[in-house]
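**Student:** Here is a sequence together with a model predicted from it:
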Amino acid sequence: MISKVILALAISMASALANPDAGFPKSPEVNEDGSVTFRFRASGETAPRVKGSFLPKGELAMTKADRFWEATSPSLDPGIYSYSFAMGGATFTDPHNRRLKRWRVCQSLFEVPARGGDRLQSWQVQSVPHGEVHTITYHSRVLAGGSRELRVYTPPFYNFSEEKYPVLYLLHGSGDDSSGWTDIGRAHVIADNLIAANLARRCLIVMPYGHGNPKGRGTAEEADSASWYAKNDAAVIEDFFKTVKPLIEKRYRVKTEPEHTAVAGLSMGGGQTLRLALAHRDVFGWAGAFSSGGAPQSVLPLIDKAAAGPPHNLLWIACGKDDFLKDWNEKLQAELEESKLPHTFIWSEGAHEWPVWRSYLETFLTKVFK
């Protein structure tokens, strides 16, 4: 009898080791038709809700199914989506999903892949040579607050040669940190796929941390967010020249001439890009500003000064027609056209969202360093 009990325990333990997630809900589960099923384990009779911009009404009520609460979305197009759960007055991430979008508001992530005969998207991992993404912790020489992080993408076969490469400094928005362009922007995957298709030059992509001002926005002394952005950007730019750029040039094989150095960014990072590119043509030969935001009063005065100097190899600016920063970008476009500064300005479909920015990065990478 004892041997049978021991045998049963051994089988149970082996089963648990083989499937450590047994007994936990699978969430999210992407179904064959592109719909997604979310599950949440909670006691009580208060129904949780799934919240996400991909849902028709912004949220979806969950119903009790076996031991878990459950809800299934409509069929979704291939893409990367973020969501959260809400119950009572609280909003929280999915405890059974390890993928997160971090920073100002943490949300859970999931991906709907291409289906059937659909063409793989540029941000989807494909059977091509892959580069590497390094996470570097450093101490800023100019900013308080201790350690900071940046991400560095090196192209495929970087470690198998002594070649020096062009470098793109890629800046995130105010709602993200240095992980944004890899975790949800998929910059490294897009670069891999374009390089493999011979559509982009091999280059390093450096993704710094773009929050430099230790004071929070909305405090009594800095109620004006434009003022906050101006101070934040100034701090980040100082850190860039005194710490980030020297660190990269010391650790990696990068070309340092303007024709081999680019900067691009989205939203807050787009505003930082314009400040860097317009004021430092001797450093950046290429620039891309996506859905630019930040501090207009810090950018617009630089346009006439830049117009009096040598043009960039490429000054590429884009914004969605439904972006909440449309008015600021229209003003930026008018100032650029009046100054006669050579540039390309693109108005696309879409709003202030990652599918738009991934598309912009793909286009920019096919043009830069050419």
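**Tutor:** In hand now; what should we look at?
**Student:** contacts and neighbour counts: CA atoms only from here.
**Tutor:** Fine.
**Student:** which residues of the stretch 101-250 of the chain fall in helices?
**Tutor:** Secondary structure of the stretch 101-250 of the chain (DSSP state H, counting those that start in this stretch): helices at 180-183, 187-196, 225-239, 245-251.
**Student:** would you turn those helices into CSV with mean pLDDT, distance to Arg141 and mean neighbour count?
**Tutor:** Converted to CSV, the helices of the stretch 101-250 of the chain look like this (pLDDT from 0 to 100; distance: least, CA to CA, whole Å; neighbours: other CA atoms under 10 Å):
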stretch, mean pLDDT, distance to Arg141, mean neighbour count
helix 180-183, 94, 24, 20
helix 187-196, 98, 27, 23
helix 225-239, 86, 7, 19
helix 245-251, 97, 11, 12
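**Student:** show me where pLDDT drops low in the stretch 101-250 of the chain?
**Tutor:** Across the stretch 101-250 of the chain, the ranges flagged by pLDDT under 70 are 116-118, 145, 213-224.
**Student:** so how far does stretch 282-295 reach from one end to the other?
**Tutor:** Stretch 282-295 has an end-to-end distance of 23 Å (criterion: CA to CA, to the nearest Å).
**Student:** May I see the buried residues of it?
**Tutor:** Of the residues in stretch 282-295, 283-295 count as buried by neighbour count, 16 or more other CA atoms under 10 Å.
**Student:** re earlier: I'd like the helices of the stretch 101-250 of the chain as a markdown table, with distance to Ala86 appended.
**Tutor:** Below are the helices of the stretch 101-250 of the chain laid out as a markdown table (distance: least, CA to CA, whole Å):
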| stretch | distance to Ala86 |
| --- | --- |
| helix 180-183 | 23 |
| helix 187-196 | 31 |
| helix 225-239 | 29 |
| helix 245-251 | 42 |
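**Student:** who wins for proximity to Glu162 among the ones you listed?
**Tutor:** Taking CA to CA as the criterion, helix 245-251 is the member of those that comes nearest to Glu162, at 13.0 Å.
**Student:** picking up where we left off before, ok, which of the helices of the stretch 101-250 of the chain comes nearest Gln124?
**Tutor:** Per CA to CA, nearest to Gln124 of the helices of the stretch 101-250 of the chain: helix 187-196, 6.7 Å.
**Student:** Work out the gap between the closest one and the centre of the chain.
**Tutor:** Relative to the centre of its chain, helix 187-196 is centred 15 Å away, using CA atoms, centre = their mean, to the nearest Å.
**Student:** cool, stretch 194-211 as well?
**Tutor:** 13 Å.
**Student:** cool, stretch 275-293 as well?
**Tutor:** What separates the centre of stretch 275-293 from the centre of its chain is 19 Å, taken as CA atoms, centre = their mean.
**Student:** Averaged pLDDT, that stretch. What do you get?
**Tutor:** Stretch 275-293 carries an average pLDDT of 96.
**Student:** end-to-end on it?
**Tutor:** Span of stretch 275-293 from end to end, CA to CA: 11 Å.
**Student:** Please apply the same query to stretch 153-168.
**Tutor:** 10 Å.
**Student:** related to what we said a few turns ago, CSV please, covering the buried residues of stretch 282-295 and showing secondary structure.
**Tutor:** Formatted as CSV, those follow (DSSP: H, G, I helix; E, B strand; the rest coil):
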residue, secondary structure
Val283, coil
Phe284, coil
Gly285, coil
Trp286, strand
Ala287, strand
Gly288, strand
Ala289, strand
Phe290, strand
Ser291, coil
Ser292, coil
Gly293, coil
Gly294, coil
Ala295, coil
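**Student:** Which one of those residues is nearest to Ser84?
**Tutor:** Out of the buried residues of stretch 282-295, the member with the shortest distance to Ser84 (by CA to CA) is Ser291, at 25.0 Å.
**Student:** Now the residue lying closest to that closest one once chain neighbours are set aside: which helix or strand?
**Tutor:** The shortest distance from Ser291 to any non-neighbouring residue, by CA to CA, 6 or more residues apart in numbering, is to Cys319 (4.5 Å). In the assignment (DSSP states H and E), Cys319 maps to strand 314-320.
**Student:** mind listing what that strand pairs with, with the direction of each?
**Tutor:** strand 286-290 (parallel), strand 344-348 (parallel) (DSSP bridges).
**Student:** Using the three-state scheme, assign Val356.
**Tutor:** Secondary structure of Val356, per three-state DSSP, is helix.
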